[in-house]
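Asker: Here is a sequence together with a model predicted from it:
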Amino acid sequence: MPFAPAPAAPRVLVVDDHRKIREPLATYLRRHTFEVRTAADAAGMWQLLKTQAFDVVVLDVMLPDGDGFELCNQLHRRSNTPVLLLTACDTPAERIRGLDLGADDYVTKPFEPRELVARINSVLRRQGRSSGPAAPSNGARAYRFAGWHFSVPSATLRCAGGSAIQLSTAESRLLQVFLGHPNTLLPRERLIDLTAAADSDVSDRAIDRQVSRLRRKLAQANAAQEVLRTVWGGGYLLAAEVSECAP
């Protein structure tokens, strides 16, 4: 069954004069399926903005050729591009100043890269965008797919004439993400972002284990029908038509 490609990646511009921060951060964001360009100073930022549109700018407040707060204000006035400020100073006055000048969020150095990804996604959601498929939020209480009935409240799977199969919390959450995006390729990095709690650290290997366990349970109805597929080098997809139904 053909699968849908993932939505176009949001474009992020990272502006920081410290190469050891800028380049690893860009690499990390690319792993999480953002399209990233970088600039070491304000001049480089403006040059890129002349030729390209970005969905969010991650901006250091201390640049060699410009004050990040003023640059944020200029960005807000000129293009209304969302701005996420990076700063080493975590005082209420600094945060308020940045927000008053049009910043959409504020992250203090040193920061966890996953926190920055979460904050970027939050900014993008407020702008009507995201870095990829979002977890189901339509309030669906049950689904039918590939001969299965899945009840969200009880986290149970049931096929025709079969007994209920109980899913763990992690398996239930993972299945809900797949059911919200049938026939869509989901890379491991996106599955991590969509299923992990904000304060947890989920690895690629942990996602692989959860997918493997869920696949074994789905194979109990029809082992010959591979519902949860692995796309080597790409990720995973649920190869099934999905519909919402009564619990």
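Answerer: Happy to help now that I have it.
Asker: And the helix or strand of the chain with the lowest mean pLDDT, what does it pack against?
Answerer: Within the chain, no helix or strand scores below helix 92-100, which has a mean of 71 by mean pLDDT, DSSP states H and E. Counting contacts by 3 or more CB pairs under 8 Å, 6 or more residues apart in numbering; DSSP states H and E, helix 92-100 packs against helix 68-78, strand 83-87, strand 105-108. From N, CA and C alone the C-beta is placed, and that goes for glycine too.
Asker: quick one, domains of the chain?
Answerer: 11-126, 142-244 (automatic domain parsing).
Asker: next one: the first one to chain centre, how far?
Answerer: Translated: domain 11-126. Distance of domain 11-126 from the chain centroid (CA atoms, centre = their mean, to the nearest Å) equals 17 Å.
Asker: same thing with the last one?
Answerer: For domain 142-244, the gap between its own C-alpha mean and the chain's C-alpha mean amounts to 18 Å (CA atoms, centre = their mean).
Asker: just to revisit the earlier point, okay, the helices and strands packed on helix 92-100, which one's buried deepest?
Answerer: Burial of the helices and strands packed on helix 92-100 is given as mean neighbour count (mean count of other CB atoms under 10 Å); strand 83-87 ranks first at a mean of 23.
Asker: elements contacting the helix or strand hosting Val57?
Answerer: Under the criterion of DSSP states H and E, Val57 resides in strand 56-60. Here strand 56-60 touches strand 11-15, helix 68-78, strand 83-87, helix 113-126, going by 3+ CB pairs under 8 Å, 6+ apart.
Asker: residues in contact with the least confident helix or strand of the chain?
Answerer: Val61, Phe69, Cys72, Leu85, Thr87, Tyr106 (CB atoms under 8 Å, 6 or more residues apart in numbering).
Asker: Check the contact between the last one and Val83; I expect there is one.
Answerer: No. Distance between Tyr106 and Val83: 9.6 Å, which falls outside the contact criterion (CB atoms under 8 Å).
Asker: low pLDDT regions in the chain?
Answerer: Within the chain, the ranges that satisfy pLDDT under 70 run 1-8, 90-91, 94-95, 127-140, 196-204, 221-224, 247.
Asker: Strands of that one, residue ranges please.
Answerer: 11-15, 35-39, 56-60, 62-63, 66-67, 83-87, 105-108, 142-145, 148-151, 156-159, 165-166, 228-231, 235-238, 242-244 (DSSP state E).
Asker: Could you single out the most deeply buried of the ones you listed?
Answerer: strand 56-60 comes out most buried of the strands of the chain by mean count of other CB under 10 Å, with a mean of 26.
Asker: what angle sits between that one and helix 92-100?
Answerer: Strand 56-60 and helix 92-100 are oriented at 150 degrees to each other (axes from the mean of the first three to the mean of the last three CA atoms, to 10 degrees).
Asker: what comes into contact with stretch 148-164?
Answerer: By CB under 8 Å, 6+ apart, stretch 148-164 touches 140-144, 147, 165-169, 171-172, 175-176, 179, 217-218, 220-221, 227, 245, 247.
Asker: Can I have the buried ones of those as a PyMOL selection?
Answerer: A single PyMOL command is used to select the members of those judged buried by 16 or more other CB atoms under 10 Å:
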select buried, resi 140+142+143+144+165+167+171+172+175+176+179+217+218+221+227
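Asker: All set now, cheers.
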